[in-house]
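J.: Kindly generate the corresponding structure for this input.
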Amino acid sequence: MYALRILAHSSLAGPPARQEMSAMTRIYAVALLIFALCVAVPAVAAPRAEEQAMPQAIAPGATNPEFMGMVVRDPFYEFNTNPAFPNQPNQAAQDTMGRLLANIGVRWVRLEFIADPDGHVNFGKYDYFIGTVAPRYGLKVLGLLTTNSIITFKDGGYYPYRLNLDPPTLTHPTFGGGLNQYMIDWLSEALRVAEHYNGSNSAAGRVHAFEIFNEMNRLFGDGTNLPTGIDYAGLNPVYVARIHTKFYRICKNTDNSQPSVICPADTQIILGGLHPKGTSNRRSSSKVAETFAYTDEQYLKVMYDNAFTEFKNYAQNLQPWNGTYPLEGVGFHPYPEEITPRTQGIYNDIDVKIAPRLNQLRAVLAAKNDQGKPFWITEIGYNIAFYKNRGPYAPSVQADFMREVYTSLAARGDVANVFWFKYEDFPPADGPDAQMWGIVRIPFAAGPCEGGVCYAPDGTPQLYRPAYLAYRELAGLPITRTYVPVAMR
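T.: Residues are numbered from 1 along each chain as shown. Just a heads-up that it's a prediction; the model follows:
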């Protein structure tokens with residue numbers, strides 16, 4: 001019998017990650033030690049260490065490194081946060097994050113482009129991470145273009161409401177017809193971002209894929225507190241499909257209508273991550289039963305039935321599109337708790353909840369003869385502070401859930417990658433609404449930084465959860481567990 005002495009060791013270059021023991025881990029280690037001391041060990045047993053490398057059979061990243069994604073701390077929030085870099089990106093924090101991500105085998109990172117109050121993305125906040133950190137550590141960037149990527153509030157109201165409310169009667173010289181002002185403003189800013197990060201400027205770097213909107217089918221919540229004229233709590237799928245299609249057409253210059261191609265040919269454009277719970281109808285309060293204008297499948301179907309099919313028909317004789325739809329993947333966020341409230345153990349979530357829902361979406365794609373499009377799971381995670389998850393075992397259950405997600409989804413064959421949500425915890429730090437999603441915890445406290453919270457200036461975590469090393473294991477990188485004998489007393 002051997003007592004656990006060292007949990008794991010990283011053999012990559014750079015300082016090894018310090019593994020903090022969770023409460024569950026401490027309990028387990030103590031119990032194991034007590035048990036070992038109660039077992040007779042031959043007096044002649046010589047003290048020696050044994051090292052066991054983790055098996056690679058459960059490592060989807062070993063055969064497909066592109067499968068390994070992570071939602072990271074957005075560079076937007078790490079600008080002017082370190083006195084060593086005044087009015088600049090916090091290079092120390094971003095370097096730390098890049099190094100630790102590479103250490104566990106992350107290949108894709110997802111970050112959100114967030115506009116400053118003037119309604120434009122400040123490239124100075126993003127260039128260092130995308131142009132320097134990402135290539136240094138071999139990270140590909142999935143750029144999320146959302147309602148936050150342009151001005152959020154306009155004329156005293158929440159601007160995205162105007163997408164649904166204003167009739168699409170406008171025509172733009174570049175974007176074409178069927179638009180309202182929100183569509184024009186969004187496309188203008190999104191394409192400006194795409195052009196800046198097309199790889200032509202090495203200092204700015206390259207965004208390898210763009211995700212168009214985020215949980216747009218549930219953007220306005222659960223159907224309560226909607227303004228006059230908004231009948232359901234999501235962006236209009238007809239208009240979302242139109243925006244997506246116009247972005248695709250212009251970014252890739254499919255019809256040669258633009259002076260030059262904005263995006264390199266291998267830039268992947270992904271349908272924004274659909275929320276699995278669906279689009280709620282308007283309701284007076286949360287006490288009124290929730291009904292749905294669209295399920296996630298219905299929302300996807302409407303997008304295909306409209307602008308996506310229009311593009312396919314128009315592209316019948318265009319090379320290399322030849323009648324394809326205007327997307328390279330379908331984003332989805334299959335949080336089990338959002339599909340149905342958890343009533344069974346964590347290990348039932350994949351087969352009982354996530355797999356059937358993916359199959360339903362796959363059926364929609366098959367009906368549109370687009371069954372070859374892969375899913376991009378651009379968010380899935382586990383908040384150890386969620387009231388159903390709390391307890392000393394929560395950090396290890398989070399790691400178990402991660403293993404189950406990555407191995408099960410990799411086995412499907414129709415999932416391009418999985419982006420774990422998230423690299424770091426974020427506010428609030430504690431209480432019933434604590435957000436402990438991270439594989440690491442970086443110290444943070446209220447302060448004058450963007451969002452009202454400042455993180456440790458150098459970005460060094462105070463805590464590495466078991467999921468940190470579980471991710472490295474899933475990426476197919478060496479994990480060595482070291483055991484030492486316990487002498488009989």
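J.: can you tell me which helix or strand residue 356 belongs to?
T.: Secondary structure from DSSP states H and E places residue 356 in helix 355-367.
J.: from the chain's centre, how far out does that helix sit?
T.: Relative to the chain's own centre, helix 355-367 is displaced by 21 Å; criterion: C-alpha atoms, centre = their mean, to the nearest Å.
J.: who does that helix touch, helix- and strand-wise?
T.: helix 296-303, strand 329-332, helix 394-412 (3 or more C-beta pairs under 8 Å, 6 or more residues apart in numbering; DSSP states H and E). In short, each C-beta sits where N, CA and C put it, glycine included.
J.: Using CSV, lay out these together with mean pLDDT, distance to residue 468 and mean neighbour count.
T.: CSV is the format used below for the helices and strands packed on helix 355-367 (pLDDT from 0 to 100; distance: least, C-beta to C-beta, whole Å; neighbours: other C-beta atoms under 10 Å):
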stretch, mean pLDDT, distance to residue 468, mean neighbour count
helix 296-303, 98, 31, 22
strand 329-332, 98, 25, 24
helix 394-412, 96, 8, 20
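J.: Which of these sits closest to residue 190?
T.: Across the helices and strands packed on helix 355-367, residue 190 has its closest neighbour in strand 329-332 (15.5 Å, C-beta to C-beta).
J.: still on that earlier bit, I'd like to know which of the helices and strands packed on helix 355-367 is closest to residue 146.
T.: strand 329-332 (11.7 Å).
J.: other SSEs contacting that closest one?
T.: strand 268-274, helix 355-367, strand 375-381.
J.: That strand: what's the following helix or strand?
T.: Downstream of strand 329-332 (by DSSP H and E), the next one is helix 336-339.
J.: follow-up on the earlier one: of the helices and strands packed on strand 329-332, give the one that comes closest to residue 135.
T.: The nearest among the helices and strands packed on strand 329-332, by C-beta to C-beta, is strand 268-274 at 17.8 Å.
J.: tell me what the helix or strand just after the closest one is packed against?
T.: Next helix or strand after strand 268-274 toward the C-terminus (DSSP H and E): strand 279-280. Where contact means 3+ C-beta pairs under 8 Å, 6+ apart, strand 279-280 is packed against strand 292-294.
J.: any residues touching stretch 311-328, and which ones?
T.: 209, 244-245, 248-249, 254-255, 268-271, 304, 307-309, 368, 370, 373 (C-beta atoms under 8 Å, 6 or more residues apart in numbering).
J.: tally of neighbours for residue 196?
T.: Number of residues near residue 196 (other C-beta atoms under 10 Å) recorded here: 19.
J.: Run the chain-centre distance for stretch 306-314.
T.: On C-alpha atoms, centre = their mean, the centre of stretch 306-314 falls 28 Å from that of its chain.
J.: Render the CA-only coordinates of that stretch in PDB, please.
T.: C-alpha atoms of stretch 306-314 as PDB (Å, rounded to 0.1, in the frame of the first residue of the first chain):
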ATOM      1  CA  ASN A 306     -34.100  32.000 -44.700                       C
ATOM      2  CA  ALA A 307     -30.800  33.800 -45.400                       C
ATOM      3  CA  PHE A 308     -28.700  30.600 -45.200                       C
ATOM      4  CA  THR A 309     -30.800  28.900 -48.000                       C
ATOM      5  CA  GLU A 310     -30.800  32.200 -50.000                       C
ATOM      6  CA  PHE A 311     -27.000  32.200 -49.900                       C
ATOM      7  CA  LYS A 312     -26.800  28.500 -50.900                       C
ATOM      8  CA  ASN A 313     -29.000  29.200 -53.900                       C
ATOM      9  CA  TYR A 314     -27.000  32.200 -54.900                       C
END
